[in-house]
Each structure stands twice: as structure tokens, then as C-alpha cells.
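1. next comes the sequence, and after it the predicted model I'd like to discuss.
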Amino acid sequence: MSGPVLKTHTLGCKVNQYETEYIREGLHQIGYQDAESDQPADLCIVNTCTVTNEGDSKSRQIIRRMARQNPDSRIIVMGCYATRDPEAVAALPNVAEVVTDKRELPDLLGRFGVIDIPDGISRFGNRHRAYVKVQDGCLLRCSYCIIPKVRPQMYSRPMQPILEEVRRLVGNGFREIVLTGVHLGHYGVDWNVHKPKSEWTRLSNLVRNIAELPDLPGDFRIRLSSIEATEVTRELIDVMAEYPNRVCPHLHICLQSGSEDVLRRMNRRWGTRRFIDRCKMVRDRLDRPAITTDIIVGFPGESEAEFEETCQTARACGFSKIHIFPFSARRDTPAATMDGQLDKATKSRRGRELAAIESELRSDYFASLRGMDLRVLIESLDPESDHLVGTSCRYTPTSLPKSIGEIGEFAKVVAGDEATNGRLQAR
């Protein structure tokens with residue numbers, strides 16, 4: 001292998017994964033090549049996460065491991081943990097530079113000698129879906145969240161570079177484009193401050209423009225990553241309904257708690273009744289959409305009655321999947337010093353109880369799809385069952401016979417009557 005050797009490691013969210021790919025692509029332009037198996041690297045990029053204490057710990061572990069396995073390497077550290085505690089990161093072995101602001105990434109590439117600084121990506125590793133970052137920054141003040149302190153600058157990417165990036169990715173064979181941002185639903189908000197409302201740019205405008213891209217060299221679909229209930233607008237739902245073969249009927253709407261009192265302590269913007277109503281509006285407009293969510297269990301002061309309210313709200317919303325997180329106190333957030341901090345055992349028990357409810361809701365959602373036509377992106381072969389495995393437009397892991405299609409392409413299937421190992425069986 002000729003040229004300098006590169007290794008990357010990413011922790012955390014889709015935005016981080018996109019930003020790592022952006023750096024990889026830029027470095028490839030000047031001759032860097034990805035390391036093979038245990039080959040030592042000349043340069044290591046570690047993209048860190050600080051959402052939880054575990055994220056901080058894992059970030060440090062990865063940096064130390066990179067230094068041990070690549071003793072002659074330079075390590076560049078970026079990401080939210082690097083922003084929050086740059087001095088601690090800089091003190092770790094082999095760390096040559098700490099990038100504390102993601103807006104500096106083009107400058108970082110320039111310092112390495114990249115002349116044609118990319119305005120996006122054209123590949124996303126060996127995956128069949130690609131993440132496209134369209135927005136950065138969050139201005140909310142949820143009492144448990146550290147992210148507004150490490151990504152406070154609101155920024156929406158211009159529309160045209162995003163459209164060109166999607167065109168490149170589809171041309172290179174990526175069949176699913178996942179739009180992502182630190183606060184995806186605030187796409188365009190930073191542009192709208194001094195405009196009349198009639199001229200505002202919203203996420204719905206972006207989704208429509210992508211869905212209407214002409215003369216693309218391949219078929220593709222759009223999926224939205226995490227979004228707040230306040231940003232699930234009628235205009236966005238209308239675009240999803242208008243382009244059912246382009247926009248996946250799936251929304252990941254953040255709930256965090258189903259208790260009104262807990263939501264107030266979290267400093268969230270909407271109550272449970274309006275959240276449930278918004279889920280109903282989605283279901284009334286779209287055909288059997290998947291609605292997934294995040295829920296934190298064991299928030300400070302959460303009583304048994306408040307936890308039960310969360311369980312009832314989850315049932316009322318009919319989520320098809322719930323990402324369950326035990327509360328993790330983050331230094332420098334209001335929730336970290338609130339009264340009523342709960343013990344680990346209580347948080348674990350509530351997590352298990354909510355997981356049992358999630359399993360029931362997931363089974364109910366799978367059952368609602370029986371006999372329905374689904375479009376599945378085939379992603380791999382399961383060696384144990386000799387079946388193909390993929391993800392449907394409705395975000396269901398799906399197993400299908402090998403004869404139906406090829407890895408990396410779409411297959412039109414019919415949802416079967418059962419699910420095995422968490423996968424919907426299709427024919």
C-alpha cells in the first residue's frame with residue numbers, strides 16, 4: 001500500500017458519522033489510504049461524543065487504544081467531548097490536535113494540504129444508506145442536555161450543495177439518504193429571522209426539493225432522522241404524503257418523558273396531550289407510518305406514578321420502537337444538581353419495564369403490516385438463515401428469501417404473518 005495510512009473511529013450520532021466521512025474523503029484526495037486490518041496508521045481521527053458519561057469514558061478509551069496500537073501515529077480528536085473538555089483530551093497520548101469547533105473542519109483539511117476543499121461527501125463507506133448533514137447547532141435548553149453548550153451555533157447548509165451531494169451519493173449507488181442535523185427540524189431557522197413568514201425556508205422545502213430532483217442515475221428514498229414534535233408540521237406531512245415512494249413513512253419524534261410534570265422539569269416545549277395529538281395527525285395523513293422515539297427513564301424526582309404516565313403515553317402513541325436511556329447526569333446541566341436523583345437499580349428496573357411495553361407495541365405494529373406491500377433496502381445476507389436482511393420503508397428489520405433481490409438494491413415484498421429474532425418475515 002502506498003501513501004500515508006489513515007484510521008478513523010466515530011462515537012455518537014449520525015452527524016458525527018457524517019463529519020468523519022467528510023474528513024476521510026478530503027484526506028483521500030491527497031493520498032491517504034485506509035488501514036488494512038492490523039496495519040499501523042500514520043494518522044488517526046477520533047470523533048468523540050459527550051451526550052453521556054459513558055460517551056466521555058469511551059472517547060478516552062478509544063484514544064488510548066489508538067495510541068497503543070499505532071504508537072507512531074498523530075491523533076486528531078474532534079467531536080463534542082473534544083469541545084467540552086479540550087485540555088483533558090490534549091493530555092492523552094499521541095494527541096497532536098484537538099478540534100473544538102466543527103466549523104473548522106475545512107480549515108483542518110487545508111492544513112493537511114487539501115486544495116479542493118469538499119463541500120460535501122460522495123461516499124459513505126461500505127453502507128447502502130448515506131447520512132447527509134443539513135444543519136448544526138441547537139438553541140434549546142432541555143435541562144438534561146449538554147449539547148447546546150458544545151454545539152450552540154445554529155447553521156443550516158445552503159440548499160444547492162445539499163441537492164448536489166444527494167445527486168452524487170445516488171449516482172454512486174446509495175439507495176437511502178438520511179437527512180440529519182443536531183436539530184434537524186430547525187433547518188432554515190437561522191435564515192428566517194429577518195424574513196416575512198411567507199418567505200421562510202423550512203425542512204419541508206428541503207425534503208420537497210430532494211424528492212423532486214430530476215434525472216437521477218438511480219432510485220433512492222429519503223428518511224428523516226430525529227425531529228421534535230413541534231417541527232412535525234402539516235407542510236412536512238403533506239410532502240411525505242405527496243411522495244410516498246420517495247419519503248419513508250417514518251418519523252422519529254423525541255418524547256423523552258410521558259409525564260407532564262417530568263417534562264416541565266426537563267424544560268421540554270410540549271406536553272403529552274399535544275404530542276399524542278401530533279402522532280394522531282401523522283397517522284391520519286399517512287398509511288400505517290412508523291413512529292419511533294427516545295425516552296429517558298429515572299429523571300430526577302421521577303415518581304412511580306410519573307413513570308406510569310410515561311408508560312401510558314407510550315401506549316397511546318403506539319410507537320413501533322423506543323430507544324430507552326437511563327438518566328445520566330451531565331456536569332454543567334441543571335438536571336445534574338436537581339433534588340431526587342434516583343439510584344441505578346430503579347433506573348434499570350424502569351428501563352426493563354418500558355422495554356417490555358416496547359416489545360408489545362413493536363409486535364402490534366408488525367401485525368398491522370401483515371399483507372402490506374413494503375419496499376425493503378437489502379443490506380446483507382444472514383448466514384444462519386441463508387435469507388437476505390434489510391430495512392423496510394417503515395423502518396422494520398426485514399428478512400426475505402434470497403431469490404427476491406440483490407444486496408444494495410430495493411425489493412418489493414409482502415409483509416408476512418410473523419416476526420423472528422426481531423425481524424419481520426416477508427415474501
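-> Great, that's in hand. Residues are numbered from 1 along each chain as shown.

2. so what are the domain limits for the chain?
-> 5-111, 121-248, 281-368, 373-426 (automatic domain parsing).

3. could those go into JSON lines alongside mean pLDDT, mean neighbour count and distance to L263?
-> From N, CA and C alone the C-beta is placed, and that goes for glycine too. Below are the domains of the chain laid out as JSON lines (pLDDT from 0 to 100; neighbours: other Cβ atoms under 10 Å; distance: least, Cβ to Cβ, whole Å):
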{"stretch": "domain 5-111", "mean pLDDT": "94", "mean neighbour count": "18", "distance to L263": "19"}
{"stretch": "domain 121-248", "mean pLDDT": "93", "mean neighbour count": "18", "distance to L263": "10"}
{"stretch": "domain 281-368", "mean pLDDT": "96", "mean neighbour count": "17", "distance to L263": "9"}
{"stretch": "domain 373-426", "mean pLDDT": "91", "mean neighbour count": "18", "distance to L263": "25"}
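
4. which one, of the ones you listed, ends up nearest to R268?
-> domain 121-248 (6.3 Å; Cβ to Cβ).

5. make JSON lines out of the domains of the chain and add distance to R265.
-> Shown next, in JSON lines, are the domains of the chain (distance: least, Cβ to Cβ, whole Å):
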{"stretch": "domain 5-111", "distance to R265": "19"}
{"stretch": "domain 121-248", "distance to R265": "7"}
{"stretch": "domain 281-368", "distance to R265": "6"}
{"stretch": "domain 373-426", "distance to R265": "30"}
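
6. out of the ones you listed, which comes closest to N267?
-> domain 121-248 (4.5 Å).

7. related to what we said a few turns ago, which among the domains of the chain is found nearest to S257?
-> Comparing those by their distance to S257 (Cβ to Cβ), the top pick is domain 281-368, with 5.5 Å.

8. now do the same end-to-end measure for the closest one.
-> Start-to-end span of domain 281-368 (Cα to Cα, to the nearest Å) is 18 Å.

9. what's the spacing between it and its chain's center?
-> Here domain 281-368 is found 18 Å from its chain centre; the criterion is Cα atoms, centre = their mean, to the nearest Å.

10. check stretch 250-268 too.
-> With Cα atoms, centre = their mean, you get 18 Å for stretch 250-268.

11. buried ones in it?
-> Residues of stretch 250-268 classed as buried: 250-259, 262-263, 265-266, 268 (neighbour count, 16 or more other Cβ atoms under 10 Å).

12. quick one on the thing from earlier: quick one: closest of the domains of the chain to R274.
-> domain 121-248 (7.1 Å).

13. what's the first-to-last distance across the closest one?
-> Start-to-end span of domain 121-248 (Cα to Cα) is 22 Å.

14. try stretch 296-308
-> Note: stretch 296-308 ends 13 Å apart using Cα to Cα.

15. so what touches it?
-> 144, 256-257, 259, 261-262, 265-266, 310, 324-327, 335, 338-342, 346-347, 350-351, 353-354 (Cβ atoms under 8 Å, 6 or more residues apart in numbering).

16. I'd like to know which of these are part of helices.
-> D261, V262, R265, M266, T310, T346, K347, R350, G351, E353, L354 (DSSP state H).

17. so how far is H252 from the closest residue to the fifth one other than its chain neighbours?
-> Using Cβ to Cβ, 6 or more residues apart in numbering and skipping residues adjacent in sequence, the residue nearest T310 is G258, 3.6 Å away. Distance, G258 to H252, by Cβ to Cβ, to the nearest Å: 16 Å.

18. could you do V376 as well?
-> Separation of V376 from H252 (Cβ to Cβ): 19 Å.

19. was I right to think the residue nearest to T310 contacts R315?
-> No. Using Cβ atoms under 8 Å, G258 is not in contact with R315; the gap is 9.1 Å.

20. from what I can see L342 touches F327, true?
-> Yes. Using Cβ under 8 Å, L342 makes contact with F327 at a distance of 7.1 Å.
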